[in-house]
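> Build me a model from this:
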Amino acid sequence: MSTAKKFAGQTALYGLSTIAGRVLNFFLTPIYTRTYPAKIYGVFGNLYAYASMLNALLAFGMETTFFRYLNKRSDDKQLVYNNTFGAILTVSVIFFLCTFPFAATITNWIRIGDATPLPDYILYIKFFIGTLIIDALCIIPFAKLRADGRPGRYGLLKFINIVIFVSLNLVFIYLVPFIINHGLPGGTWMSGWFKKTWVGYVFLSNLIASSATLIMLLPEFMKLQPKFSRALFAEMLLYSWPVLVANFSYLVNENLDKILLGNLLPEKVSAIQVGIYTACAKISIFLSIFVNAFRLGAEPFFFSHAKNKNATQTYARIMNYFIIAVCLIFVALVANIELLKYFIKGKDAAQTQIYWSGIGVIPVLLFGYVSLGIYMNLSVWYKLTDQTKYGLYISGIGAMVTIVLNVIFIPSYGYIASAWISLAAYASMMVMSYLWGQKHYPIPYHLKKNLGYIIISIVLVYISFSVFKRNIFIGNGLLILFGLGTLYAERTELKAIFSKK
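Have a look, this model is predicted:
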């Protein structure tokens with residue numbers, strides 16, 4: 001089997017499980033927007049923004065470090081497993097001691113709007129602390145499944161997690177009210193504790209789903225041994241801390257805009273704007289699914305093929321087809337916005353118009369994800385050369401762009417500014433990674449061809465969205481032309497790949 005086919009097969013396996021789980025999760029979006037007004041949905045977006053950034057801190061850069069040191073210390077993989085898990089366990093214990101007893105104080109810092117009572121918000125924070133710690137403890141066991149080449153078990157556990165989460169959401173939003181309203185068995189008991197349209201049930205569902213995943217990963221936890229190397233751990237820290245800062249900085253780019261929207265805008269509109277922005281960003285989920293599936297398959301693949309003679313040519317080829325894929329998805333999503341927007345429909349016409357008022361930022365957010373995906377692909381150079389400090393520099397500059405520009409422009413332009421600034425941050429990270437990477441670890445990317453695909457996709461999106469006002473037939477016609485043109489341009493390369501055994 002050719003290297004390209006092997007990589008595509010691994011990515012497809014991760015992609016199928018990721019797509020299945022994310023699609024199930026995506027279908028919760030219209031349920032949320034119909035159940036919760038925009039100002040309540042803003043609470044949801046605000047808390048998940050904080051949670052995403054804290055995930056990076058708790059992971060401590062150890063996932064990437066795990067893969068790197070499996071390659072460097074192939075003679076003692078068990079010690080690598082023990083050390084990386086031990087690091088996350090230590091950080092998680094410290095995090096719990098520094099947060100859970102002070103949940104009320106933390107709530108006063110991060111609470112936005114007045115739509116949610118203070119005691120409820122404190123409870124939300126406690127749910128999140130528990131979920132964050134459990135998810136952190138699962139990081140290295142999941143990474144071990146990827147390293148052991150077990151995408152099937154990895155995907156199954158991730159899928160079950162989403163099924164539990166989605167099912168519990170449906171129980172709390174639909175089933176329990178139905179039982180109470182129709183006087184069914186258990187209804188009297190449920191009416192004693194059930195709170196209608198309480199967003200806390202979303203966070204509780206997440207905690208339960210994460211706990212179930214932890215239990216299902218017990219076979220991987222049982223493989224841990226009380227064997228620890230201080231020397232190896234010190235070496236790992238030198239590698240991981242720039243990765244930690246880089247990952248955190250990336251998540252600042254991804255989530256800080258929602259937090260700043262909640263804090264820099266007047267209280268009466270802050271939660272609503274966060275709700276609109278969070279809901280519209282959900283349309284980009286299909287592009288983020290592909291980028292995430294690529295990352296899951298690419299990281300162990302890149303490390304395992306680093307010593308191959310033709311490794312850089314392989315990386316260049318993967319980049320070429322990655323760019324084609326993300327550009328096609330970009331054009332396809334914009335072409336079908338008039339259908340996809342119904343996934344963020346409110347419970348009535350007024351709420352629907354509030355959510356739909358943000359549709360104009362969707363193409364901007366999508367191209368930001370295109371840039372982010374390319375950056376993730378480019379980042380192979382500093383991970384393979386143990387120069388993770390450059391990841392810190394790149395993500396740090398991106399984070400500064402996000403922070404400074406959002407603080408300047410949010411008060412005047414709201415979430416529209418946040419969308420453009422997100423694009424600017426990811427695009428700058430992409431360019432910096434390419435320029436530095438070609439100096440330190442040259443990879444023969446097909447620059448002219450790749451730029452051609454990117455520019456064509458931008459032009460087609462502009463024509464579809466702005467010139468033809470989101471006409472679904474013209475948009476999909478342009479998508480078909482783009483796809484056919486791509487097949488024609490790549491016909492020789494594709495024929496060579498598929499002819500290999």
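> Which helix runs longest in the chain?
The longest helix of the chain (DSSP state H) is helix 230-264.
> Now do it, average pLDDT.
Across helix 230-264, pLDDT averages out at 81.
> Point out the other helices and strands that it packs with.
helix 38-59, helix 62-72, helix 77-99, helix 267-281, helix 389-413, helix 415-440 (3 or more Cβ pairs under 8 Å, 6 or more residues apart in numbering; DSSP states H and E). Just so you know, the C-beta spots here come from the backbone N, C-alpha and C atoms, and that holds for glycine as well.
> I'd like the ones you listed laid out as TSV, including distance to residue 222 and mean pLDDT.
Below are the helices and strands packed on helix 230-264 laid out as TSV (distance: least, Cβ to Cβ, whole Å; pLDDT from 0 to 100):
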stretch	distance to residue 222	mean pLDDT
helix 38-59	22	80
helix 62-72	18	85
helix 77-99	12	93
helix 267-281	39	84
helix 389-413	33	89
helix 415-440	39	93
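> Could I get the ones you listed in CSV, plus columns for mean neighbour count and distance to residue 365?
Below are the helices and strands packed on helix 230-264 laid out as CSV (neighbours: other Cβ atoms under 10 Å; distance: least, Cβ to Cβ, whole Å):
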stretch, mean neighbour count, distance to residue 365
helix 38-59, 22, 13
helix 62-72, 23, 25
helix 77-99, 18, 30
helix 267-281, 24, 6
helix 389-413, 19, 14
helix 415-440, 20, 5
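> If it's not too much trouble, I'd like those exported to JSON lines so that distance to residue 315 sit alongside each entry.
Shown next, in JSON lines, are these (distance: least, Cβ to Cβ, whole Å):
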{"stretch": "helix 38-59", "distance to residue 315": "25"}
{"stretch": "helix 62-72", "distance to residue 315": "15"}
{"stretch": "helix 77-99", "distance to residue 315": "24"}
{"stretch": "helix 267-281", "distance to residue 315": "30"}
{"stretch": "helix 389-413", "distance to residue 315": "17"}
{"stretch": "helix 415-440", "distance to residue 315": "10"}
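> and of these, who's closest to residue 169?
Nearest to residue 169 among those is helix 38-59; the distance by Cβ to Cβ comes to 11.6 Å.
> Return the distance of the residue lying farthest from the centre of the chain relative to residue 452.
Note on the chain: the largest separation between a C-alpha and the mean C-alpha position, by Cα atoms, centre = their mean, falls on residue 183 (41.4 Å). To residue 452, residue 183 is 65 Å away according to Cβ to Cβ, to the nearest Å.
> what does residue 55 give?
36 Å.
> Check residue 492 too.
Using Cβ to Cβ, we find residue 492 at a distance of 16 Å from residue 452.
> Comparing these two, which shows the higher neighbour count?
residue 452 (14 against 8; other Cβ atoms under 10 Å).
> Secondary structure element holding the more buried one?
helix 447-462 (DSSP states H and E).
> Figure out the helix or strand that residue 442 lives in.
Per DSSP H and E: residue 442 is located in neither a helix nor a strand.
> Which pLDDT value belongs to it?
91.
> just residue 309 next, same as before
If you check residue 309, the pLDDT there is 79.
> So it: helix, strand or coil?
In three-state terms, and counting by DSSP: H, G, I helix; E, B strand; the rest coil, residue 309 is coil.
> what's the burial count for it?
When neighbours are counted by other Cβ under 10 Å, residue 309 registers 6.
> Show the contacting residues for it.
By Cβ atoms under 8 Å, 6 or more residues apart in numbering, the contact set of residue 309 is empty.
> Give me the distance between it and residue 319.
Residue 309 is 19 Å from residue 319, where distance means Cβ to Cβ.
> go on, residue 37?
43 Å.
> same thing with residue 407?
34 Å.
> likewise residue 77?
For residue 77, the distance to residue 319 equals 29 Å [Cβ to Cβ].
> And for residue 439?
Following Cβ to Cβ, the distance that separates residue 439 from residue 319 is 17 Å.
> repeat for residue 418
From residue 418 to residue 319 the distance is 29 Å (Cβ to Cβ).
> nearest spatial neighbour of residue 133, skipping sequence neighbours?
Among residues not flanking residue 133 along the chain, residue 92 sits closest, at 4.8 Å (Cβ to Cβ, 6 or more residues apart in numbering).
> Could you verify my assumption that the one you found touches residue 58?
Yes - between residue 92 and residue 58 there is a contact under Cβ atoms under 8 Å: 5.9 Å.
> hey, what's in contact with both of those two?
Any residue near both residue 92 and residue 58 by Cβ under 8 Å, 6+ apart counts here, and that gives 133, 136.
> so the helix or strand containing residue 474 versus helix 447-462, what angle?
According to DSSP H and E, residue 474 maps onto helix 472-489. Inter-element angle recorded for helix 472-489 and helix 447-462: 170 degrees (by axes from the mean of the first three to the mean of the last three Cα atoms, to 10 degrees).
> neighbours of residue 239, just the number please.
Count around residue 239 with other Cβ under 10 Å applied: 20.
> That one: what's it in contact with?
Residue 239 makes contact with 61, 65, 68-69, 386, 388, according to Cβ under 8 Å, 6+ apart.
> let's go with 10 Å and repeat that
61-62, 64-65, 68-69, 72, 383, 386-389 (Cβ atoms under 10 Å, 6 or more residues apart in numbering).
> again, but for residue 271
37-46, 112-116, 261-262, 265 are the contacts of residue 271 under Cβ under 10 Å, 6+ apart.
> is it true that the residue nearest to residue 133 touches residue 55?
No - with contact defined as Cβ atoms under 10 Å, residue 92 does not count as touching residue 55 (11.3 Å).
> wait, doesn't residue 208 sit right on residue 131?
Yes - Residue 208 is within contact range of residue 131, at 9.2 Å (criterion: Cβ under 10 Å).
> So these two - more neighbours on which side?
Per other Cβ under 10 Å, whichever of residue 208 and residue 131 has more neighbours is residue 131, with 21 against 17.
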